[in-house]
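*Asks:* only the shape, not the letters, is given here:
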Ligand SMILES: [Ca+2]
């Protein structure tokens, strides 16, 4: 038996598999099949698709940015996301989250004014990557192995952010679409279209204490803005604790709608439909983020040194629905860099980032 892996570079492995049957042979066959499966995910894709299998030695910075920013709960609970916490090895993207027992050399980030400074403790830091490309309607699938511990949130999301003032093009359309109007007659009015789709876990059930966060539950959210009236947040029972040491396929199908297609987001776990949301459905293309971060609600203890989200691959297949919109963001590269080393980022080298540092 010869294992054939069409379209891949498994020559050495295939040659080994021509040896007479033995334990090594069996192992080789299994290994070849695993590698074939791994490579196959990004082959034979339709036009407009995108696929990341983390097959290189590092993050491909032509396709991705590192997050170097901080949001959500303030220090000491959350020291932001840093590029140093992202690594690639053996076809897997690793997204570290450092806990309270962390003793390494990482340096955390804090938000200062409109920028970020990397001068915080290395505990409670996380890591993420943000796509260079903006994605519209389509199927977004992520093969991921979750960290064993609660504490960090493992998350994938699309994101588009704008601030638009009354009188600017499109303002009335956003108000008509349900966006909240900020301001008043004295200071003027504005809307904040924050178009976003999330998968996030672990989480407690709605209203339960943060300490009860569990991988049994997942948050599936859609946003057209930041106010409660502009988002639909749901918590769904996975049916099992999803940090079981295995890879699972998390997917959402984003329908912006048109031509009879109802705007909605369908969420799937391992191919099974788990949730459908039909309210506050975004229609503006967004960047994809993959990684970890520290909200208040993903478990509190974090009594570990470092834990990891592992991502085998991400695949996007476009739907190209009529309601898709592509609109510029107000702060398109906020907290994003293409460099991993702190010194280069601190120096604000043009090769690293488009926004100047503080
Ligand atoms: Ca992979």
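*Replies:* In hand now; what should we look at? Please read these numbers as outputs of a predicted model, since none were measured by experiment.

*Asks:* what residues are up against the closest residue to the ion within the stretch 201-350 of the chain?
*Replies:* The stretch 201-350 of the chain approaches the ion most closely through residue 312 (4.2 Å), counting by Cβ to the ion. Bear in mind the C-beta positions are built from the backbone N, C-alpha and C, glycine included. Residues in contact with residue 312 (Cβ atoms under 8 Å, 6 or more residues apart in numbering) are 38, 53, 54, 91, 92, 93, 143, 144, 145, 247.

*Asks:* please redo it, this time with the cut-off set to 7 Å
*Replies:* The contact partners of residue 312, by Cβ atoms under 7 Å, 6 or more residues apart in numbering, come to 91, 92, 143, 247.

*Asks:* leaving out chain neighbours, which residue sits closest to it?
*Replies:* Leaving aside its sequence neighbours, residue 312 sits nearest to residue 143 (Cβ to Cβ, 6 or more residues apart in numbering; 4.1 Å).

*Asks:* is that neighbour in a bridge, and if so with what?
*Replies:* residue 249, residue 313 (DSSP bridges).

*Asks:* what's around it, how many residues?
*Replies:* When counting by other Cβ atoms under 10 Å, one arrives at 20 neighbours for residue 143.

*Asks:* ok, now residue 292?
*Replies:* 28.

*Asks:* please apply the same query to residue 325.
*Replies:* Using other Cβ under 10 Å, the number of residues around residue 325 comes to 14.

*Asks:* quick one: the spatially closest residue to it that is not a sequence neighbour and residue 259, what's the gap?
*Replies:* Leaving aside its sequence neighbours, residue 325 sits nearest to residue 284 (Cβ to Cβ, 6+ apart; 4.8 Å). As judged by Cβ to Cβ, to the nearest Å, residue 284 and residue 259 stand 18 Å apart.

*Asks:* these two - which one has more neighbours?
*Replies:* residue 284 (23 against 7).

*Asks:* residue contacts, the residue nearest to residue 103 when sequence neighbours are not counted?
*Replies:* Spatial nearest neighbour of residue 103, excluding adjacent residues (Cβ to Cβ, 6+ apart): residue 305 at 6.7 Å. Residues near residue 305 by Cβ under 7 Å, 6+ apart: 99, 101, 102, 103.

*Asks:* so which residue of the protein comes closest to the ion?
*Replies:* residue 91 (3.6 Å).

*Asks:* count the neighbours of that residue for me.
*Replies:* The tally of other residues near residue 91 (other Cβ under 10 Å) stands at 15.

*Asks:* okay, it: pLDDT?
*Replies:* Note for residue 91: predicted pLDDT of 92.

*Asks:* ditto for residue 353
*Replies:* Per-residue pLDDT puts residue 353 at 77.

*Asks:* using the three-state scheme, assign it.
*Replies:* Under DSSP: H, G, I helix; E, B strand; the rest coil, the three-state class of residue 353 is coil.

*Asks:* quick one, helices of this protein?
*Replies:* Secondary structure of the chain (DSSP state H): helices at 11-16, 23-40, 171-176, 342-346.

*Asks:* what does the stretch 51-200 of the chain put close to the ion?
*Replies:* Taking Cβ under 5 Å from the ion as the contact definition, the stretch 51-200 of the chain meets the ion at 53, 54, 91.

*Asks:* and the closest residue to residue 68 other than its chain neighbours, how close does it get to residue 269?
*Replies:* Nearest residue to residue 68, sequence neighbours excluded (Cβ to Cβ, 6+ apart): residue 337, at 4.8 Å. Residue 337 sits 32 Å away from residue 269, going by Cβ to Cβ.
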